[in-house]
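Engineer: fold the following.
(4 chains)
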2 protein chains.
Amino acid sequence: MASKRTVATRLEIMQGTLDLIILRTLRWGPMHGHGIAKFIQQTSGETFKIEHGSLYPALQRLLQEGWVTAEWGTSNNNRKARFYRLTAPGRKQLSAEHSKWDRFSEAVARILASARTGDA
Amino acid sequence: MASKRTVATRLEIMQGTLDLIILRTLRWGPMHGHGIAKFIQQTSGETFKIEHGSLYPALQRLLQEGWVTAEWGTSNNNRKARFYRLTAPGRKQLSAEHSKWDRFSEAVARILASARTGDA
DNA sequence: AGAATTTATATTGTTATATTATATAATAAT
DNA sequence: ATTATTATATAATATAACAATATAAATTCT
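Structural biologist: This is a model prediction of the structure:
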């Protein structure tokens, strides 16, 4: 019972990262919003839980930028769903944001890494 | 000669990360604002350049939270400067934010990592 | 000595974006 | 039929990084 002590609460998504992980997710092929959210949640090991209020505005953003296109279709469960597909500019953007993330996390790592953990 | 082609422009600091790297920097001992900014800039390999408009509000934040204390003193260059010192709660906060960062970047990595880079 | 530069702190206003809360509709399950 | 689930969407809010600006003191230049 109560094995949920160390539950590792879900984390908020840091600003600027959502677009990246959505675009990356769409590299697997066209997906609808709900599917994208579920994919990210699962792949992140439940660390991320994309809220509706984050996901759909983000998708609108990506549409407006031309990084994805959308067309209505039917989901596995026979529901109406909008399928988003990565465009060529979207792939380019993904590549750019991926590199940016690599540089960023590397720089943070450099600061966090330290020999001297003591009293300075 | 023009070795600066691949100049790798500086990156903006992602929301939520600034506090972490400031707190981490102060693990080295008390520092004044300008010093903190220079340290981060150098340690990040010039990837980060902390703007005044980010740094000082952040320091006010940390003060208000009780994660740092401040006292006026004199810098190496004999200028008036405010030295910030990590408190015990600050160390605790640093630890928490560090773990959070580790979890976050690991989750992003899981999403970015992929066998199939092809057409899906 | 006086002017310009550098070091250093601080605040105001702007902007971007993730979240909360809410609304809507259609299909599946009971 | 009523309820739950799947799915999309938007308005309102909060947060935080940045740009621009102001201030002050010490150093350097001439």
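
Engineer: quick check: residue A:73 touching residue A:81?
Structural biologist: Yes: contact status for residue A:73 versus residue A:81: in contact at 6.2 Å, counting by CB atoms under 8 Å. No exception for glycine: its C-beta is placed from N, CA and C like everyone else's.

Engineer: now for the two: what residues contact both?
Structural biologist: With contacts taken as CB atoms under 8 Å, 6 or more residues apart in numbering or on different chains, residue A:73 and residue A:81 have residue A:32 as neighbours in common.

Engineer: neighbour count winner among the two?
Structural biologist: residue A:81 (17 against 12; other CB atoms under 10 Å in any protein chain shown).

Engineer: which residues touch the helix or strand that one falls within?
Structural biologist: Using DSSP states H and E, residue A:81 sits in strand A:80-86. With contacts defined as CB under 8 Å, 6+ apart, strand A:80-86 is touched by A:23, A:26-27, A:29-36, A:59, A:62-63, A:67-75, A:94.

Engineer: if we use 6 Å, what do you get?
Structural biologist: Under the criterion CB atoms under 6 Å, 6 or more residues apart in numbering or on different chains, residues A:26, A:30, A:32, A:68-73, A:75 lie in contact with strand A:80-86.

Engineer: residue contacts, the spatially most central residue of chain A?
Structural biologist: The centroid of chain A falls nearest to residue A:21 when counting by CA atoms, centre = their mean (2.7 Å). The contact partners of residue A:21, by CB under 6 Å, 6+ apart, come to A:40, B:111.

Engineer: quick one: it and DNA strand D, what's the gap?
Structural biologist: 16 Å (CB to the nearest atom of the strand, to the nearest Å).

Engineer: against residue B:57, how distant is that residue?
Structural biologist: 28 Å (CB to CB, to the nearest Å).

Engineer: coming back round to it: narrow the contacts of strand A:80-86 to those in strands?
Structural biologist: Counted as lying in strands by DSSP state E, out of the contacts of strand A:80-86, are A:32, A:68-73.

Engineer: enumerate the residues of chain A near DNA strand C.
Structural biologist: Contacts of chain A with DNA strand C, taken as CB under 7 Å from any atom of the strand, map to A:12-19, A:50-54, A:57-58, A:61, A:77-80.

Engineer: kindly recompute the last result at 10 Å.
Structural biologist: A:10-22, A:37, A:48-58, A:61, A:65, A:74-80 (CB under 10 Å from any atom of the strand).

Engineer: list the contacts of residue A:39.
Structural biologist: By CB under 6 Å, 6+ apart, the contact set of residue A:39 is residue A:25.

Engineer: apply 8 Å and report the result again.
Structural biologist: By CB under 8 Å, 6+ apart, the contact list for residue A:39 reads A:25, A:28, A:31.

Engineer: and those residues near chain B, which?
Structural biologist: Restricting those to those near chain B by CB under 8 Å from any CB of the partner chain leaves A:25, A:28.

Engineer: nearest to residue A:109, of the contacts of residue A:39?
Structural biologist: Taking CB to CB as the measure, residue A:25 is the one of the contacts of residue A:39 closest to residue A:109, at 24.2 Å.
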